[in-house]
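Asks: Fold the following.
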Amino acid sequence: MRTYALGWIAEYLGCRLEGGDHRTEITGVNTIESAGPGEITFLSNMKYAPKVRSSRAAAILAADSLSGGHVATLVSSNPYYDFARALSLFYEAPRLAPGIHETAVIAETARVGRNASIGAYAVIGEKTTVGANAVIYPHCVIYAGCTIGDDFTGHSHVSVREHTIIGDRVTLHNGVVVGGDGFGFAKGPGGRQYKIPQSGITVIEDDVEIQTLSSVDRATLGETRIKRGAKVDSLCQIGHACVVGEDNIICGQTGLAGSTVLEENVIMAGQTGSAGHLTIHKNATVWAQSGVGGDVRTGAIVAGSPAFDSRDWLRASAAYSRLPELVRTVRALERRIAELEAGRSSVSNIPKLN
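Replies: Here you go, the predicted model:
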(Lines give C-alpha, C1' and ligand atoms only; values in the text may rest on other atoms or scores of the structure.)
Protein backbone atom coordinates (compact mmCIF):
# COMPACT_ATOMS: atom_id res chain seq x y z
CA MET A 1 0.00 0.00 0.00
CA ARG A 2 1.32 3.43 -0.94
CA THR A 3 1.25 6.07 1.78
CA TYR A 4 2.04 9.78 1.54
CA ALA A 5 1.96 12.59 4.10
CA LEU A 6 -0.83 15.10 3.52
CA GLY A 7 1.65 17.97 3.48
CA TRP A 8 3.75 16.24 0.83
CA ILE A 9 0.65 15.71 -1.35
CA ALA A 10 -0.25 19.39 -1.04
CA GLU A 11 3.26 20.37 -2.12
CA TYR A 12 3.29 17.86 -4.98
CA LEU A 13 -0.03 19.15 -6.31
CA GLY A 14 0.84 22.79 -5.74
CA CYS A 15 -2.17 23.24 -3.44
CA ARG A 16 -2.53 25.34 -0.29
CA LEU A 17 -3.28 23.17 2.76
CA GLU A 18 -5.79 24.70 5.17
CA GLY A 19 -6.56 22.94 8.45
CA GLY A 20 -5.56 19.42 9.37
CA ASP A 21 -2.13 18.03 10.18
CA HIS A 22 0.43 17.99 7.40
CA ARG A 23 1.82 14.74 8.87
CA THR A 24 -1.48 12.85 8.40
CA GLU A 25 -0.86 9.68 6.42
CA ILE A 26 -2.96 9.36 3.25
CA THR A 27 -3.51 5.93 1.78
CA GLY A 28 -5.89 6.64 -1.09
CA VAL A 29 -8.50 8.73 -2.87
CA ASN A 30 -12.26 8.18 -2.67
CA THR A 31 -15.67 9.78 -3.13
CA ILE A 32 -17.05 12.25 -0.62
CA GLU A 33 -19.56 9.67 0.62
CA SER A 34 -17.13 6.75 0.89
CA ALA A 35 -13.81 8.34 1.88
CA GLY A 36 -12.37 7.27 5.23
CA PRO A 37 -9.99 8.97 7.69
CA GLY A 38 -6.91 8.05 5.65
CA GLU A 39 -8.24 9.20 2.29
CA ILE A 40 -8.70 12.43 0.39
CA THR A 41 -11.61 13.35 -1.84
CA PHE A 42 -12.49 16.21 -4.18
CA LEU A 43 -15.18 18.80 -4.75
CA SER A 44 -15.31 20.12 -8.31
CA ASN A 45 -18.58 22.02 -7.85
CA MET A 46 -19.18 24.10 -4.73
CA LYS A 47 -22.93 23.45 -4.85
CA TYR A 48 -22.13 20.02 -3.39
CA ALA A 49 -20.24 21.56 -0.45
CA PRO A 50 -22.96 20.58 2.10
CA LYS A 51 -21.94 16.94 1.58
CA VAL A 52 -18.58 17.71 3.14
CA ARG A 53 -20.18 18.00 6.58
CA SER A 54 -20.92 14.29 6.62
CA SER A 55 -17.65 13.17 5.03
CA ARG A 56 -15.09 11.19 7.02
CA ALA A 57 -12.25 12.09 4.63
CA ALA A 58 -8.93 13.37 5.96
CA ALA A 59 -8.85 16.17 3.38
CA ILE A 60 -10.75 17.47 0.41
CA LEU A 61 -9.56 19.05 -2.84
CA ALA A 62 -11.65 22.15 -3.55
CA ALA A 63 -11.44 25.44 -5.40
CA ASP A 64 -12.15 27.51 -2.27
CA SER A 65 -11.64 27.28 1.47
CA LEU A 66 -14.29 25.28 3.31
CA SER A 67 -14.51 27.36 6.44
CA GLY A 68 -16.09 25.87 9.53
CA GLY A 69 -15.64 22.29 8.35
CA HIS A 70 -13.87 19.48 10.15
CA VAL A 71 -12.07 18.37 6.99
CA ALA A 72 -8.71 19.79 5.91
CA THR A 73 -8.82 21.57 2.54
CA LEU A 74 -6.35 21.33 -0.31
CA VAL A 75 -7.20 24.58 -2.08
CA SER A 76 -6.70 24.04 -5.80
CA SER A 77 -7.12 26.17 -8.90
CA ASN A 78 -8.27 23.06 -10.77
CA PRO A 79 -9.68 20.44 -8.37
CA TYR A 80 -10.66 17.90 -11.02
CA TYR A 81 -7.21 17.96 -12.61
CA ASP A 82 -5.47 17.72 -9.24
CA PHE A 83 -7.82 14.89 -8.26
CA ALA A 84 -6.61 12.97 -11.32
CA ARG A 85 -2.98 13.62 -10.37
CA ALA A 86 -3.61 12.55 -6.77
CA LEU A 87 -5.31 9.36 -7.93
CA SER A 88 -2.26 8.57 -10.06
CA LEU A 89 -0.16 8.54 -6.88
CA PHE A 90 -2.11 5.58 -5.53
CA TYR A 91 -3.27 3.62 -8.56
CA GLU A 92 -1.30 2.11 -11.41
CA ALA A 93 -2.93 -0.27 -13.85
CA PRO A 94 -1.45 -3.78 -14.02
CA ARG A 95 1.18 -4.15 -16.73
CA LEU A 96 2.60 -7.12 -18.56
CA ALA A 97 6.03 -8.19 -17.44
CA PRO A 98 8.83 -7.23 -19.85
CA GLY A 99 9.56 -9.88 -22.44
CA ILE A 100 8.00 -11.65 -25.37
CA HIS A 101 5.61 -14.52 -24.77
CA GLU A 102 6.57 -17.75 -26.50
CA THR A 103 3.32 -17.85 -28.46
CA ALA A 104 3.66 -14.33 -29.88
CA VAL A 105 4.36 -14.19 -33.62
CA ILE A 106 6.81 -11.49 -34.70
CA ALA A 107 7.90 -11.30 -38.33
CA GLU A 108 11.62 -11.58 -39.01
CA THR A 109 11.65 -8.17 -40.67
CA ALA A 110 9.79 -6.48 -37.78
CA ARG A 111 11.72 -4.41 -35.25
CA VAL A 112 10.66 -4.07 -31.62
CA GLY A 113 12.30 -1.54 -29.28
CA ARG A 114 13.84 -2.19 -25.87
CA ASN A 115 11.87 -3.07 -22.76
CA ALA A 116 8.86 -4.34 -24.69
CA SER A 117 6.12 -6.49 -23.18
CA ILE A 118 4.39 -8.65 -25.76
CA GLY A 119 1.65 -11.01 -24.63
CA ALA A 120 0.40 -14.39 -25.75
CA TYR A 121 -0.73 -14.78 -29.38
CA ALA A 122 0.09 -11.19 -30.27
CA VAL A 123 1.12 -10.71 -33.90
CA ILE A 124 3.48 -8.14 -35.43
CA GLY A 125 3.70 -8.13 -39.21
CA GLU A 126 6.47 -7.78 -41.74
CA LYS A 127 8.50 -4.55 -41.88
CA THR A 128 6.66 -3.09 -38.89
CA THR A 129 8.58 -1.01 -36.35
CA VAL A 130 7.49 -0.69 -32.72
CA GLY A 131 9.32 1.72 -30.38
CA ALA A 132 10.65 1.32 -26.86
CA ASN A 133 8.55 0.35 -23.83
CA ALA A 134 5.67 -1.04 -25.87
CA VAL A 135 3.00 -3.01 -24.03
CA ILE A 136 1.15 -5.28 -26.44
CA TYR A 137 -1.48 -7.45 -24.79
CA PRO A 138 -2.60 -10.93 -25.88
CA HIS A 139 -4.34 -11.20 -29.25
CA CYS A 140 -3.33 -7.71 -30.35
CA VAL A 141 -2.56 -7.76 -34.09
CA ILE A 142 -0.36 -5.26 -35.92
CA TYR A 143 -0.27 -5.68 -39.69
CA ALA A 144 2.67 -5.22 -42.04
CA GLY A 145 4.41 -1.94 -42.74
CA CYS A 146 3.29 -0.05 -39.63
CA THR A 147 5.41 2.49 -37.76
CA ILE A 148 4.67 2.83 -34.03
CA GLY A 149 6.49 5.14 -31.59
CA ASP A 150 7.62 4.74 -28.00
CA ASP A 151 5.41 3.87 -25.00
CA PHE A 152 2.67 2.35 -27.11
CA THR A 153 -0.07 0.34 -25.39
CA GLY A 154 -2.25 -1.98 -27.44
CA HIS A 155 -4.83 -3.90 -25.42
CA SER A 156 -6.30 -7.27 -26.30
CA HIS A 157 -8.04 -7.59 -29.67
CA VAL A 158 -6.71 -4.30 -30.99
CA SER A 159 -6.13 -4.40 -34.75
CA VAL A 160 -3.69 -1.98 -36.39
CA ARG A 161 -3.98 -2.32 -40.15
CA GLU A 162 -1.23 -2.09 -42.76
CA HIS A 163 0.92 1.03 -43.17
CA THR A 164 -0.62 2.81 -40.18
CA ILE A 165 1.58 5.44 -38.51
CA ILE A 166 1.30 5.86 -34.73
CA GLY A 167 3.23 8.36 -32.59
CA ASP A 168 4.50 8.21 -29.01
CA ARG A 169 2.46 7.46 -25.88
CA VAL A 170 -0.60 6.24 -27.76
CA THR A 171 -3.07 3.92 -26.02
CA LEU A 172 -5.57 1.78 -27.91
CA HIS A 173 -8.11 -0.01 -25.74
CA ASN A 174 -9.75 -3.38 -26.32
CA GLY A 175 -11.30 -3.97 -29.71
CA VAL A 176 -10.09 -0.76 -31.36
CA VAL A 177 -9.51 -0.98 -35.11
CA VAL A 178 -7.16 1.56 -36.65
CA GLY A 179 -6.76 1.69 -40.41
CA GLY A 180 -9.69 -0.49 -41.42
CA ASP A 181 -11.09 0.17 -44.88
CA GLY A 182 -13.13 3.32 -45.36
CA PHE A 183 -16.73 2.79 -46.45
CA GLY A 184 -16.46 3.51 -50.16
CA PHE A 185 -18.46 1.96 -53.00
CA ALA A 186 -19.43 3.10 -56.48
CA LYS A 187 -22.58 1.94 -58.22
CA GLY A 188 -21.76 0.19 -61.47
CA PRO A 189 -23.78 -1.36 -64.32
CA GLY A 190 -26.90 -3.11 -63.17
CA GLY A 191 -26.87 -1.21 -59.88
CA ARG A 192 -24.13 -3.37 -58.35
CA GLN A 193 -21.80 -1.82 -55.80
CA TYR A 194 -18.13 -1.72 -56.80
CA LYS A 195 -15.65 -1.43 -53.94
CA ILE A 196 -13.40 1.62 -54.13
CA PRO A 197 -9.88 0.61 -53.08
CA GLN A 198 -8.92 2.31 -49.83
CA SER A 199 -5.35 3.13 -50.75
CA GLY A 200 -4.68 5.83 -48.14
CA ILE A 201 -3.33 5.51 -44.60
CA THR A 202 -4.24 6.35 -41.03
CA VAL A 203 -2.03 8.54 -38.84
CA ILE A 204 -2.38 8.69 -35.04
CA GLU A 205 -0.24 11.42 -33.50
CA ASP A 206 1.36 11.57 -30.02
CA ASP A 207 -0.61 11.26 -26.77
CA VAL A 208 -3.82 10.03 -28.37
CA GLU A 209 -6.07 7.62 -26.47
CA ILE A 210 -8.85 5.65 -28.18
CA GLN A 211 -11.19 3.66 -25.98
CA THR A 212 -12.93 0.35 -26.51
CA LEU A 213 -14.56 -0.80 -29.76
CA SER A 214 -13.93 2.38 -31.73
CA SER A 215 -12.87 2.47 -35.37
CA VAL A 216 -10.67 4.86 -37.32
CA ASP A 217 -10.88 4.19 -41.06
CA ARG A 218 -8.07 4.54 -43.56
CA ALA A 219 -8.53 7.09 -46.34
CA THR A 220 -9.49 6.32 -49.90
CA LEU A 221 -6.66 8.64 -50.95
CA GLY A 222 -4.32 10.58 -48.69
CA GLU A 223 -4.82 10.04 -44.96
CA THR A 224 -7.12 9.97 -41.98
CA ARG A 225 -5.44 11.79 -39.07
CA ILE A 226 -6.05 11.94 -35.33
CA LYS A 227 -3.95 14.83 -34.04
CA ARG A 228 -1.92 15.20 -30.87
CA GLY A 229 -3.70 14.76 -27.56
CA ALA A 230 -7.13 13.89 -28.93
CA LYS A 231 -9.23 11.50 -26.83
CA VAL A 232 -11.81 9.25 -28.49
CA ASP A 233 -14.39 7.46 -26.34
CA SER A 234 -15.87 4.00 -26.86
CA LEU A 235 -18.06 2.99 -29.82
CA CYS A 236 -17.01 5.88 -32.04
CA GLN A 237 -16.63 5.84 -35.82
CA ILE A 238 -14.08 8.12 -37.50
CA GLY A 239 -14.68 7.92 -41.23
CA HIS A 240 -12.15 7.96 -44.04
CA ALA A 241 -10.10 11.13 -44.62
CA CYS A 242 -11.37 12.74 -41.41
CA VAL A 243 -9.14 15.02 -39.35
CA VAL A 244 -9.63 15.07 -35.58
CA GLY A 245 -7.83 18.10 -34.13
CA GLU A 246 -5.49 18.60 -31.20
CA ASP A 247 -6.98 17.95 -27.76
CA ASN A 248 -10.42 17.07 -29.15
CA ILE A 249 -12.85 15.18 -26.93
CA ILE A 250 -14.98 12.74 -28.93
CA CYS A 251 -17.57 11.14 -26.65
CA GLY A 252 -19.24 7.74 -26.97
CA GLN A 253 -21.29 6.71 -29.99
CA THR A 254 -20.15 9.66 -32.09
CA GLY A 255 -19.88 9.15 -35.83
CA LEU A 256 -17.93 11.35 -38.22
CA ALA A 257 -18.70 10.87 -41.90
CA GLY A 258 -15.85 10.96 -44.40
CA SER A 259 -13.77 14.12 -44.80
CA THR A 260 -15.07 15.77 -41.64
CA VAL A 261 -12.48 18.19 -40.25
CA LEU A 262 -12.42 19.08 -36.56
CA GLU A 263 -10.05 21.84 -35.56
CA GLU A 264 -8.40 22.04 -32.12
CA ASN A 265 -10.25 21.79 -28.80
CA VAL A 266 -13.55 20.65 -30.29
CA ILE A 267 -15.94 18.71 -28.06
CA MET A 268 -18.34 16.22 -29.63
CA ALA A 269 -20.70 15.03 -26.89
CA GLY A 270 -22.28 11.57 -26.84
CA GLN A 271 -24.32 10.24 -29.76
CA THR A 272 -23.42 13.13 -32.04
CA GLY A 273 -22.79 12.86 -35.75
CA SER A 274 -21.60 14.86 -38.69
CA ALA A 275 -22.32 14.83 -42.39
CA GLY A 276 -19.18 14.59 -44.50
CA HIS A 277 -17.05 17.32 -46.09
CA LEU A 278 -17.58 19.95 -43.39
CA THR A 279 -15.45 21.76 -40.81
CA ILE A 280 -16.16 22.22 -37.12
CA HIS A 281 -13.89 25.07 -36.17
CA LYS A 282 -11.75 25.37 -33.05
CA ASN A 283 -13.23 25.55 -29.53
CA ALA A 284 -16.70 24.56 -30.76
CA THR A 285 -18.98 22.28 -28.74
CA VAL A 286 -21.64 19.96 -30.14
CA TRP A 287 -24.22 18.92 -27.54
CA ALA A 288 -25.32 15.32 -27.09
CA GLN A 289 -27.51 13.69 -29.76
CA SER A 290 -26.91 16.51 -32.23
CA GLY A 291 -26.45 16.10 -35.95
CA VAL A 292 -24.12 18.55 -37.68
CA GLY A 293 -25.02 19.18 -41.30
CA GLY A 294 -22.76 22.13 -42.12
CA ASP A 295 -19.73 24.07 -40.93
CA VAL A 296 -19.71 25.21 -37.29
CA ARG A 297 -18.03 28.53 -36.51
CA THR A 298 -15.20 29.05 -34.03
CA GLY A 299 -16.32 28.82 -30.40
CA ALA A 300 -19.93 28.02 -31.23
CA ILE A 301 -22.10 25.78 -29.06
CA VAL A 302 -24.67 23.94 -31.15
CA ALA A 303 -27.45 21.46 -30.46
CA GLY A 304 -30.25 19.62 -32.20
CA SER A 305 -30.56 17.87 -35.54
CA PRO A 306 -29.83 19.65 -37.74
CA ALA A 307 -27.62 21.42 -35.20
CA PHE A 308 -27.98 25.16 -34.61
CA ASP A 309 -27.17 27.65 -31.84
CA SER A 310 -27.75 26.00 -28.46
CA ARG A 311 -29.58 29.03 -27.03
CA ASP A 312 -32.10 28.95 -29.86
CA TRP A 313 -32.33 25.18 -29.48
CA LEU A 314 -33.20 25.52 -25.78
CA ARG A 315 -35.99 27.96 -26.63
CA ALA A 316 -37.22 25.67 -29.39
CA SER A 317 -37.15 22.69 -27.00
CA ALA A 318 -39.20 24.59 -24.46
CA ALA A 319 -41.73 25.44 -27.15
CA TYR A 320 -41.77 21.85 -28.41
CA SER A 321 -43.09 20.52 -25.11
CA ARG A 322 -45.97 23.00 -25.36
CA LEU A 323 -46.99 22.03 -28.91
CA PRO A 324 -50.09 20.02 -27.85
CA GLU A 325 -51.33 23.00 -25.85
CA LEU A 326 -50.56 25.38 -28.73
CA VAL A 327 -52.42 23.12 -31.18
CA ARG A 328 -55.50 23.09 -28.92
CA THR A 329 -55.35 26.88 -28.66
CA VAL A 330 -55.05 27.32 -32.43
CA ARG A 331 -57.98 24.98 -33.05
CA ALA A 332 -60.11 26.84 -30.51
CA LEU A 333 -59.24 30.14 -32.21
CA GLU A 334 -60.08 28.67 -35.61
CA ARG A 335 -63.50 27.57 -34.33
CA ARG A 336 -64.14 30.97 -32.80
CA ILE A 337 -63.19 32.75 -36.04
CA ALA A 338 -65.48 30.43 -37.98
CA GLU A 339 -68.31 31.21 -35.58
CA LEU A 340 -67.72 34.95 -35.89
CA GLU A 341 -67.60 34.75 -39.69
CA ALA A 342 -70.81 32.72 -39.69
CA GLY A 343 -72.45 35.33 -37.46
CA ARG A 344 -71.43 38.17 -39.79
CA SER A 345 -72.81 36.23 -42.74
CA SER A 346 -76.17 35.80 -40.99
CA VAL A 347 -76.36 39.51 -40.18
CA SER A 348 -75.58 40.49 -43.77
CA ASN A 349 -78.44 38.31 -45.04
CA ILE A 350 -81.14 40.10 -42.95
CA PRO A 351 -83.39 42.16 -45.32
CA LYS A 352 -83.20 45.92 -44.82
CA LEU A 353 -86.45 47.75 -43.92
CA ASN A 354 -87.51 50.55 -46.27
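Asks: Can you spell out which residues form a bridge with I136?
Replies: Legend: beta-bridge partners of I136 under DSSP bridges are I118, G154.
Asks: Can you give me the separation between it and E264?
Replies: Distance of I136 to E264, computed by C-beta to C-beta, to the nearest Å: 30 Å. Where C-beta positions appear, they are placed from N, C-alpha and C, glycine not excepted.
Asks: Neighbour count: those two, which is higher?
Replies: In terms of neighbours (other C-beta atoms under 10 Å), I136 is the more surrounded of I136 and E264; the figures are 31 against 16.
Asks: Quick check, the more buried one in contact with Y121.
Replies: No: contact status for I136 versus Y121: not in contact, 10.6 Å apart, counting by C-beta atoms under 8 Å.
Asks: isn't L262 right up against I249?
Replies: No: L262 is beyond contact range of I249, at 10.2 Å (criterion: C-beta under 8 Å).
Asks: So which of these two has more stuff around it?
Replies: L262 (29 against 15).
Asks: who touches that one in this structure?
Replies: By C-beta atoms under 8 Å, 6 or more residues apart in numbering, L262 lies in contact with C242, V243, V244, G245, N248, L256, M268, T279, I280.
Asks: and what of T164?
Replies: In this structure, T164 makes contact with Y143, C146, T147, V178, G179, I201, T202, V203, I204, R218, judged by C-beta under 8 Å, 6+ apart.
Asks: hmm, 7 Å instead?
Replies: By C-beta atoms under 7 Å, 6 or more residues apart in numbering, the residues touching T164 are C146, V178, G179, I201, T202.
Asks: The third one - nearest residue in space that isn't next to it in sequence?
Replies: Going back to what we said before, that points to G179. Setting aside the residues directly before and after it, G179 is nearest to R161 in space (C-beta to C-beta, 6 or more residues apart in numbering), at 3.2 Å.
Asks: So what's the residue count around that neighbour?
Replies: Applying other C-beta under 10 Å, we find 23 residues neighbouring R161.
Asks: With I301 instead?
Replies: Using other C-beta under 10 Å, the number of residues around I301 comes to 16.
Asks: so it makes contact with S310?
Replies: Yes: taking contacts as C-beta atoms under 7 Å, I301 lies within contact range of S310: 4.4 Å.
Asks: for F185, which residues make a bridge with it?
Replies: Under DSSP bridges, the beta-bridge partners of F185 are K195.
Asks: wait, which of the contacts of L262 is closest to V170?
Replies: For the contacts of L262, the closest approach to V170 (C-beta to C-beta) belongs to V244, at 13.2 Å.
Asks: The closest one: what's it in contact with?
Replies: Contact criterion C-beta under 7 Å, 6+ apart gives I226, K227, A230, I238, I250, L262 as the residues in contact with V244.
Asks: go again using 10 Å as the cut-off
Replies: Listed by C-beta atoms under 10 Å, 6 or more residues apart in numbering, the contact partners of V244 are 204-205, 208, 210, 216, 224-227, 230-232, 236, 238, 250, 256, 260-264, 266, 268.
Asks: Surely P306 is in contact with S290?
Replies: Yes: using C-beta atoms under 10 Å, P306 is in contact with S290, at 8.4 Å.
Asks: Please say which of the two ends up with more neighbours.
Replies: Neighbour comparison, P306 and S290: the larger count goes to S290, with 26 against 11 (by other C-beta under 10 Å).
Asks: ok, now which ones touch the nearest residue to that one once chain neighbours are set aside?
Replies: The spatial neighbour of S290 that comes closest, neighbours along the chain excluded (C-beta to C-beta, 6+ apart), is A307 at 4.4 Å. By C-beta under 10 Å, 6+ apart, the contact set of A307 is 272-274, 280, 286-287, 289-294, 296, 300-301, 313.
Asks: 8 Å instead?
Replies: With C-beta under 8 Å, 6+ apart as the criterion, the residues that contact A307 are V286, W287, S290, G291, V292, G293, V296, W313.
Asks: could you redo the residues you listed as a markdown table and give each row secondary structure, distance to S88 and pLDDT?
Replies: Formatted as a markdown table, the contacts of A307 follow (DSSP: H, G, I helix; E, B strand; the rest coil; distance: C-beta to C-beta, whole Å; pLDDT from 0 to 100):
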| residue | secondary structure | distance to S88 | pLDDT |
| --- | --- | --- | --- |
| V286 | strand | 30 | 98 |
| W287 | coil | 30 | 98 |
| S290 | coil | 33 | 97 |
| G291 | strand | 37 | 97 |
| V292 | strand | 35 | 98 |
| G293 | coil | 41 | 96 |
| V296 | strand | 34 | 98 |
| W313 | helix | 38 | 92 |
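Asks: For ChimeraX, write the select line for the buried members of these.
Replies: This is the ChimeraX syntax for the buried subset of the contacts of A307, where burial follows 16 or more other C-beta atoms under 10 Å:
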select :286,287,290,291,292,296,313
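Asks: so can I have TSV of the contacts of A307 showing distance to E18?
Replies: Output for those, formatted as TSV (distance: C-beta to C-beta, whole Å):
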residue	distance to E18
V286	39
W287	37
S290	42
G291	47
V292	45
G293	51
V296	43
W313	42
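Asks: Name the nearest of the contacts of A307 relative to S34.
Replies: Distances from S34 to the contacts of A307, taken as C-beta to C-beta, are shortest for W287 (31.4 Å).
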